[in-house]
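Undergrad: for reference, the sequence and a predicted model appear below.
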Amino acid sequence: MSGKLIVGNWKMNGSLAANQDLVRAVMAGLSDKSCKVAVCAPAVYLPQLQQLAAGSHLLWGAQDVSAHEQGAYTGELSATMLREFGVRYAIVGHSERRQYHGETDAVVATKAQRALAAGITPIVCVGETLAEREAGHTEEVVKRQLAAVIHTNGHCISEIVVAYEPVWAIGTGKTASPEQAQQVHALLRAQLKAATAHPERIALLYGGSMNTANAASLLSQNDIDGGLIGGASLKSADFLSIVAAASH
Ligand code: 13P
C-alpha cells in the first residue's frame, strides 16, 4: 500500500469541549505531507467530527457498527446511519468488544460486511491474549480471526484494513517489539495474499501502546503500514508526533 495510515481510537473518552480542542489542534498540525489520518470517536460525537473536520485532511470513523442492517435492535447503530455522518472507517472486532461484549469471529465478520456494504472501510482487529502467546498459539489465533472475515467477505477483502493488536500490549505500556509485530504482520500479509488479487490495497496497522518513543521503529518494519493508537491519540502533540513519524 502507498503511504501510511494513522488512526486514533479514542475509546470511551472525550467531551464536546475536549474533542473540539483536540480536533482543532490535530487539524492545525496536519499538512499536505501528512500521511492518511483518522480518529475513531464515540458515536455520539460523530456529528461534531463531521462539523469540525469536513473538508480537512482529517478523516473520522466509528468504534463499532451493528451486525444487523436495520430493525428491532435497540441501542444498535447501522452502517448506513454512520455513513450519513461522513464516517470513513469503523473499527470492528476490537479486543475490548470481543472480551466485554462477547463478539465472536462470526459476528465480527458480519460487521465488516455491513460496513463494506455501506461504503465504510472496516478496521478489522485481531490479536492474541498473553496466555495464548505464552502457549505458542499466536499464529493460530490471529489466522483464525482473520479467516472468518475473509470467508464472509470474499473478494471485497481488498477493501478492508487489518489491525494487529496483541491484547497484552493494549493500554499496558508493553509494546510488541518491532520484530514481534513484523513477524505477525508478515503472516497476516501472506494470508491476505492468498485471499485476494489485490493484497497491496490492504493496510496492516499495529496497535498496542504505540507512542511517540516507539512509533518510528514499529512503522519502519516492512509489513507495518500504520498504527491504531489508543491513549496517545488523546493528546494532540503525541498523536501528531506519531503522524510525523509515519509521514516520511
Ligand atoms: P493503547 O494505544 O492505549 O494501548 O490502545 C491500543 C488500542 O486498543 C487501539 O485500538
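TA: Good, I have the coordinates. Numbers count the residues shown, from 1 in each chain.
Undergrad: distance of the residue of the chain positioned farthest from its centre from the ligand?
TA: In the chain, A72 marks the outermost C-alpha relative to the chain mean, sitting 28.0 Å out by CA atoms, centre = their mean. Applying CB to the nearest ligand atom, to the nearest Å, the value for A72 to the ligand is 30 Å. Where C-beta positions appear, they are placed from N, C-alpha and C, glycine not excepted.
Undergrad: let's have the chain start at 11 instead
TA: All right, first residue 11 from here; so that's A82.
Undergrad: buried ones in the longest helix seen in the chain, by neighbour count?
TA: Longest helix of the chain, by residue count under DSSP state H: helix 188-205. Across helix 188-205, burial judged by 16 or more other CB atoms under 10 Å covers 188, 191-192, 194-195, 197-199, 201-202, 205.
Undergrad: show me how far that helix is from its chain's centre.
TA: Here helix 188-205 is found 16 Å from its chain centre; the criterion is CA atoms, centre = their mean, to the nearest Å.
Undergrad: on contacts alone, who are the packing partners of that helix?
TA: On a contact count with 3 or more CB pairs under 8 Å, 6 or more residues apart in numbering; DSSP states H and E, helix 188-205 meets helix 148-163, strand 171-174, strand 214-217, helix 225-229.
Undergrad: coming back round to it: correct me if wrong, but the residue farthest from the centre of the chain is in a strand.
TA: No - when the secondary structure is assigned by DSSP: H, G, I helix; E, B strand; the rest coil, A82 falls in coil instead of a strand.
Undergrad: before we move on, back to that, return the closest of the buried residues of helix 188-205 with respect to the ligand.
TA: Nearest to the ligand among the buried residues of helix 188-205 is A191, at 12.7 Å by CB to the nearest ligand atom.
Undergrad: does that closest one really touch L215, like I thought?
TA: No - look at A191 against L215 with CB atoms under 8 Å: they stay out of range, at 10.2 Å.
Undergrad: find residues that contact each of those two.
TA: Residues touching both A191 and L215 (CB atoms under 8 Å, 6 or more residues apart in numbering) are 174, 234.
Undergrad: surely S105 meets I180?
TA: Yes - using CB under 8 Å, S105 is in contact with I180, at 6.3 Å.
Undergrad: shared neighbours, those two?
TA: In contact with both S105 and I180: G137, using CB under 8 Å, 6+ apart.
Undergrad: just list the residues touching L87, thanks.
TA: With CB under 8 Å, 6+ apart, L87 has these contacts: 53, 72, 74-76.
Undergrad: kindly indicate which of these lies nearest the ligand.
TA: Using CB to the nearest ligand atom, the shortest approach to the ligand within the contacts of L87 belongs to D74, at 11.6 Å.
Undergrad: now do the same contact list for that closest one.
TA: Counting by CB under 8 Å, 6+ apart, D74 touches 53, 87, 100-102, 104, 107, 121.
Undergrad: intersect those with the contacts of the ligand.
TA: Intersecting the contacts of D74 with the contacts of the ligand gives H104 (criterion: CB under 6 Å from any ligand atom).
Undergrad: of the contacts of D74, which is the most crowded?
TA: Highest neighbour count within those, by other CB atoms under 10 Å: V102, with 30 neighbours.
Undergrad: I figured it hits V136, correct?
TA: No - checked against CB under 8 Å, the pair V102 and V136 is beyond contact range at 10.5 Å.
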